[in-house]
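Asks: take a look and give me a structure for this.
(one chain, ligands or ions: 2)
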Amino acid sequence: MSAKYLVTGGAGYVGSVVAQHLLEAGHTVTVLDNLSTGFRAGVPAGAEFIEGDIRDASKWLDDSYDAVLHFAAFSQVGESVVKPEKYWDNNVGGTMALLAAMRAAGVRKLVFSSTAATYGEPVGTPITETDPTAPTSPYGASKLAVDHMIGGEATAHGLAAVSLRYFNVAGAYGSCGERHDPESHLIPLVLQVAQGRREAISVFGDDYPTPDGTCVRDYIHVADLAEAHLLALGAAAPGEHLICNLGNGNGFSVREVIETVRQVTGHPIPEVIAPRRGGDPAVLVASAQTAIDRLGWRPARADLAGIVADAWAFAQQTKESP
Ligand SMILES: NC(=O)c1ccc[n+]([C@@H]2O[C@H](COP(=O)([O-])OP(=O)(O)OC[C@H]3O[C@@H](n4cnc5c(N)ncnc54)[C@H](O)[C@@H]3O)[C@@H](O)[C@H]2O)c1
Ligand SMILES: O=c1ccn([C@@H]2O[C@H](COP(=O)(O)OP(=O)(O)O[C@H]3O[C@H](CO)[C@@H](O)[C@H](O)[C@H]3O)[C@@H](O)[C@H]2O)c(=O)[nH]1
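Replies: Ligands and ions are numbered 1, 2, ... in the order given. Here you go, the predicted structure:
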């Protein structure tokens, strides 16, 4: 059945890919985005676009919407360590206003972009949703605070909510992909080296307690992630807050990612060792068992070389833009 969805942050990377999937499934989509890190051209054709801030969501939200998918946030781990106030203000303050607008409008279903960064340094691998949450960055702390806020909203006011804790999102979907300005994520930065836009990739720390000394992450294809959002829209009952990790359960080190980019692009990719980046845990690998059991989700694009190849195809389409 066709439904109407508000997608906050739908001019950004993940939000645009999910909006595109919703449109392809026959739904009506309104994107609300203040373009602080997103791009007008990133909004998929066929979606209505409102240039505005989630803090003002009450201006546009009404009971014609069936649910909100909430992506709008600042999301750089390293930046959050040096500018924590920016993260509390936008991620927590903005979501408080959005939840109030949803309550006032009677929109009672939410899917939220949470993150692996809520766990901090894990107590074991893979990470499950019942593991302790002790974020190592203000970004992770702000997202954990929002998860708590959503839990309270569900219990007190009957919201049906799903927090999806993404691990490292990568790859592209057709004309929707990752283009941050400036870019901070590993795979698009390594691809910029392959394109000749950067001389070398900096490896942030080679003295972590991992097999090759560099940080290990669980890279998930953005299209697999998008499919989980569509499933999540039907997963929670009123008053329930379901939390699901989303990853493939495979960890790759920074060096392994760089080597994969060499294989995909044929470029030698020079690397230089740089100091550790603040806020980075050594290893983040997901158990997605809850998503498999509760959403019926199955990742179909888990191969790292395939993920990098899709990101490379997208980077080649958008060579000149940021
Ligand atoms: N990319 C990842 O690897 C990853 C991993 C875990 C979680 N997440 C979460 O997923 C979400 C999307 O991440 P992304 O990589 O697509 O980031 P992005 O920066 O590409 O997209 C975020 C979008 O939100 C918009 N936005 C920010 N603040 C806003 C506000 N106050 N009002 C309206 N619009 C606002 C930005 O303009 C941008 O278009 C974020 O919440 C992020 O924390 C991302
Ligand atoms: O130039 C670079 C950029 C990154 N890295 C390293 O590469 C890894 C991945 O970094 P990045 O791509 O910036 O992603 P993360 O910092 O792991 O964070 C992403 O993944 C998290 C979940 O794991 C999400 O919460 C965040 O929103 C999302 O940005 C980390 O160890 C970084 O230190 C480098 O060595 N050099």
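Asks: what number of residues lie near residue 272?
Replies: 9 (other CB atoms under 10 Å). To be clear about C-beta, it is placed using only N, CA and C from the backbone, and glycine gets the same treatment.
Asks: try the one 3 residues further on
Replies: Here the count is done by other CB under 10 Å, and residue 275 has 9 residues near it.
Asks: and if you look at residue 263?
Replies: 12.
Asks: which secondary structure element contains the spatially closest residue to it that is not a sequence neighbour?
Replies: With sequence-adjacent residues excluded and distances taken as CB to CB, 6 or more residues apart in numbering, residue 263 is closest to residue 305, at 6.5 Å. Using DSSP states H and E, residue 305 falls within helix 304-317.
Asks: and the strands in the stretch 151-300 of the chain, which stretches?
Replies: With DSSP state E, counting those that start in this stretch as the criterion, the stretch 151-300 of the chain has strands at 160-166, 168-170, 201-204, 216-217, 219-221, 241-246, 252-253, 271-274, 283-284.
Asks: and the ones you listed as a markdown table, adding distance to residue 261?
Replies: Output for those, formatted as a markdown table (distance: least, CB to CB, whole Å):
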| stretch | distance to residue 261 |
| --- | --- |
| strand 160-166 | 21 |
| strand 168-170 | 11 |
| strand 201-204 | 8 |
| strand 216-217 | 14 |
| strand 219-221 | 12 |
| strand 241-246 | 23 |
| strand 252-253 | 11 |
| strand 271-274 | 10 |
| strand 283-284 | 20 |
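Asks: ok, residue 112 - contacts?
Replies: The contact partners of residue 112, taken as CB atoms under 8 Å, 6 or more residues apart in numbering, are 70, 95, 146-147, 150, 161-164.
Asks: one more time with 10 Å
Replies: 8, 68-71, 73, 95, 98-99, 143, 146-147, 149-150, 161-165, 232, 241, 243 (CB atoms under 10 Å, 6 or more residues apart in numbering).
Asks: where does the nearest residue to residue 48 once chain neighbours are set aside land in three-state SS?
Replies: Leaving aside its sequence neighbours, residue 48 sits nearest to residue 30 (CB to CB, 6+ apart; 4.4 Å). What DSSP: H, G, I helix; E, B strand; the rest coil gives for residue 30 is strand.
Asks: what count of nearby residues applies to residue 30?
Replies: 20.
Asks: so which bits of this protein are right by ligand 1?
Replies: Residues of the chain lying close to ligand 1 (CB under 6 Å from any ligand atom) are 8-9, 11-15, 32-38, 53-54, 71-73, 75, 90, 94, 113, 115, 166, 168-169, 180.
Asks: which ones, among these, also lie beside ligand 2?
Replies: 75, 115, 168.
Asks: quick one: stretch 186-205 near ligand 2?
Replies: Yes. Using CB under 6 Å from any ligand atom, we find that stretch 186-205 touches ligand 2 at 186, 189, 201-204.
Asks: now that stretch - C-alpha only, PDB.
Replies: C-alpha atoms of stretch 186-205 as PDB (Å, rounded to 0.1, in the frame of the first residue of the first chain):
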ATOM      1  CA  LEU A 186      37.700   6.600   4.300                       C
ATOM      2  CA  ILE A 187      36.400   5.000   1.100                       C
ATOM      3  CA  PRO A 188      35.500   8.200  -0.800                       C
ATOM      4  CA  LEU A 189      38.800   9.800   0.300                       C
ATOM      5  CA  VAL A 190      40.800   6.800  -1.000                       C
ATOM      6  CA  LEU A 191      38.900   7.000  -4.200                       C
ATOM      7  CA  GLN A 192      39.800  10.700  -4.500                       C
ATOM      8  CA  VAL A 193      43.500   9.500  -4.500                       C
ATOM      9  CA  ALA A 194      42.600   7.100  -7.300                       C
ATOM     10  CA  GLN A 195      41.100  10.000  -9.200                       C
ATOM     11  CA  GLY A 196      44.200  12.200  -8.800                       C
ATOM     12  CA  ARG A 197      42.400  14.700  -6.600                       C
ATOM     13  CA  ARG A 198      44.600  13.900  -3.600                       C
ATOM     14  CA  GLU A 199      48.300  12.800  -3.400                       C
ATOM     15  CA  ALA A 200      47.900  10.100  -0.700                       C
ATOM     16  CA  ILE A 201      45.600   8.700   1.900                       C
ATOM     17  CA  SER A 202      46.500   9.400   5.600                       C
ATOM     18  CA  VAL A 203      46.100   6.300   7.800                       C
ATOM     19  CA  PHE A 204      45.000   7.600  11.200                       C
ATOM     20  CA  GLY A 205      47.000   5.400  13.500                       C
END
